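Visitor: Dropping the sequence and predicted coords here.
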Amino acid sequence: MIEITRIYHFSAAHRLVSEHLGAAANAELYGPCARPHGHNYYVEVTMAGVPDPVTGMAVDLGRVDAAVGERLLRHVDHHTLEAAPPLAGVITTGEGLARAFWDILIPVLAPDALRRVRVVETAKNRFEYRGEAA
Amino acid sequence: MSGIAYSSRRFTFAAAHRYWVDRWPAAENERFFGRLTVPHGHNYALEVTVRGPIDPETGMVINLTELKAIVNDTVIERFDHADLNADALFRGRVPTTENIATVVWDLLVEKLGAERLWQVRVWEDETLFVDYRGEA
């Protein structure tokens, strides 16, 4: 059993705002992150599998690339995250994005193969979701 | 006070490969692997992680000089500026990143022992890496 990780990139605008809070409370809670700004994001998608004895491939990376491109990157790269249809209702914190990306990808990637989604927001902040329930 | 720690060292090697299954017709190889059937190369990076207790005298999990010598002698000498498809270890085994990781694990576990070698990570380029921990 191996784990194979592909790293994708997108650039997007976002802001942190909770619809449960008023403007003042949002500004208080999220500070500068409540203002519209953007990041160069990286998304690391990790799949687990056993290398096929004939092809040597544990995962069809073409399929993964296509799924991530079609389901995810197309909607977020050079967009505002809050306006991206697949992220409707998501508070776009790093952890919120990691869980949302997992939920977007799990129907199209083999559910038993997807192991981890990691969102790298800046060089200082990274967030992981592994599909675990709270 | 003792504790288990993980020490990793990074290595690089540049190698050529192509994806090709000998017993498939050429057309089938081209249909399945596409551009990967053409011989090409990568600057691979290899991260070797050793797990173990921190020695109370030396403060080390492993002497990284020893680790460096083992990996250089066993893996880097063998694969740097080499054609992976020509290596006996890849006879009948396509040199995918997955298979490179398992081959490197097998080479290193003989020298380091399964109780010390924790993980082998092979980066094909900046967008793709494979982890192998010897699990069936």
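Guide: The structure has been received and is ready for your questions. Numbering: from 1, shown residues only, chains lettered A, B, ... in the order given.
Visitor: what's the spacing between the residue in chain B positioned nearest to chain A and A:Gly62?
Guide: When scored by CB to the nearest CB, chain B has B:Val94 as its residue closest to chain A, at 3.3 Å. Placement of C-beta: from N, CA and C, glycine included. Distance from B:Val94 to A:Gly62, counting by CB to CB, to the nearest Å: 15 Å.
Visitor: Skipping its backbone neighbours, what lies nearest A:Arg118 in space?
Guide: A:Glu44 (4.0 Å; CB to CB, 6 or more residues apart in numbering or on different chains).
Visitor: What count of nearby residues applies to the one you found?
Guide: 18 (other CB atoms under 10 Å in any protein chain shown).
Visitor: same question, A:Arg74
Guide: 13.
Visitor: Tell me the secondary structure at it.
Guide: helix (DSSP: H, G, I helix; E, B strand; the rest coil).
Visitor: Could you check how far it is from chain B?
Guide: With distances taken as CB to the nearest CB, to the nearest Å, A:Arg74 is found 18 Å from chain B.
Visitor: Next one, pLDDT for that residue please.
Guide: Looking at A:Arg74, its pLDDT reads 97.
Visitor: circling back: so the residue of chain B closest to chain A sits in a helix?
Guide: No. Under three-state DSSP, B:Val94 sits outside any helix and is assigned coil.
Visitor: Give me the next element, helix or strand, following the strand or helix carrying B:Glu28.
Guide: Under the criterion of DSSP states H and E, B:Glu28 resides in helix B:26-33. Remark: after helix B:26-33, the chain's next helix or strand is strand B:40-53, criterion DSSP H and E.
Visitor: what pLDDT, on average, does that following strand get?
Guide: Rounded mean pLDDT across strand B:40-53 is 96.
Visitor: Can you say which helix or strand has the residue nearest to A:Arg118 in it?
Guide: strand A:37-49.
Visitor: Correct me if wrong: A:Val68 contacts A:Leu61.
Guide: No. Look at A:Val68 against A:Leu61 with CB atoms under 8 Å: they stay out of range, at 10.1 Å.
Visitor: picking up where we left off before, what does the helix holding B:Glu28 rub up against?
Guide: A:Thr55, B:Tyr19, B:Trp20, B:Val21, B:Trp24, B:Thr37 (CB atoms under 8 Å, 6 or more residues apart in numbering or on different chains).
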